[in-house]
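1. turn this into a structure:
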Amino acid sequence: MNAKTPFAVLAICMILILFTAGCTTATESEKELSKITNFEHTVSPPEKHYRADDTCYYESLVDIRNNAQKDEKNVIVRCNLINVKTGEISDTVTQYFEVINAGDHKAFTVKLNGDCDSDYSIEIEISEDKS
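-> Next up is the predicted model:
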């Protein structure tokens, strides 16, 4: 056996590890989400708050209600801060609920980062994690 062979095998193993690091299957990295249509929601207008460093965040109260006849599990509520002029998403916060019973509601406050000189609205997307 050549003295260089163990080093060559080690080098090849290191290269393979380097190229496969961080690789995952689609089931691990992508969640199967489906929109839930039997929920209603209300959202207060975003209220601007200033931080000590002169940056701004916007706070809003979100209330969602399960109008279905069954409990919903793995509910994901995505709250997007939308710039009114451009229509672009400036920030997103996601809230997860393990179970929301039939007829029940959940209320929570979101804090989203935005520019101090822009006008914003809040867009809500409610989905279920089926994975």
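
2. among the helices and strands of the chain, which one scores worst on average pLDDT?
-> Among the helical and strand segments of the chain, the one scoring lowest on mean pLDDT, DSSP states H and E is helix 26-29, with a mean of 38.

3. helix or strand next in line after it, which one?
-> Read in the C-terminal direction, the helix or strand following helix 26-29 is strand 33-35, with elements assigned using DSSP states H and E.

4. partner strands of that following strand, parallel or antiparallel?
-> Note on strand 33-35: by DSSP bridges, its sheet partners are strand 120-129 (antiparallel).

5. would you list every one of the helices in the protein?
-> Remark: helices of the chain, listed N- to C-terminal, are 5-20, 26-29; assignment by DSSP state H.

6. for the ones you listed, which has the smallest mean pLDDT value?
-> Set side by side, those give their lowest mean pLDDT on helix 26-29, at a mean of 38.

7. right, and Ser60 touches Pro45 too?
-> Yes: taking CB atoms under 8 Å as the definition, Ser60 is a contact partner of Pro45 at 7.0 Å. For the C-beta atoms, the positions are set from N, CA and C on the backbone; glycine is no exception.

8. neighbour count for the two, which is higher?
-> Each of Ser60 and Pro45 has its neighbours counted (other CB atoms under 10 Å); Ser60 has more, 21 against 10.

9. contacting residues for the more buried one?
-> By CB atoms under 8 Å, 6 or more residues apart in numbering, the residues touching Ser60 are 43-47, 79, 109-110, 112, 122.

10. 7 Å instead?
-> When contacts are counted by CB atoms under 7 Å, 6 or more residues apart in numbering, Ser60 touches 43-44, 46-47, 110, 122.

11. okay, and the beta partners of the most centrally placed residue in the chain?
-> When the chain is reduced to its mean C-alpha position, the closest residue under CA atoms, centre = their mean turns out to be Thr94, at 4.0 Å. Thr94 has the following beta-bridge partners by DSSP bridges: Arg78.
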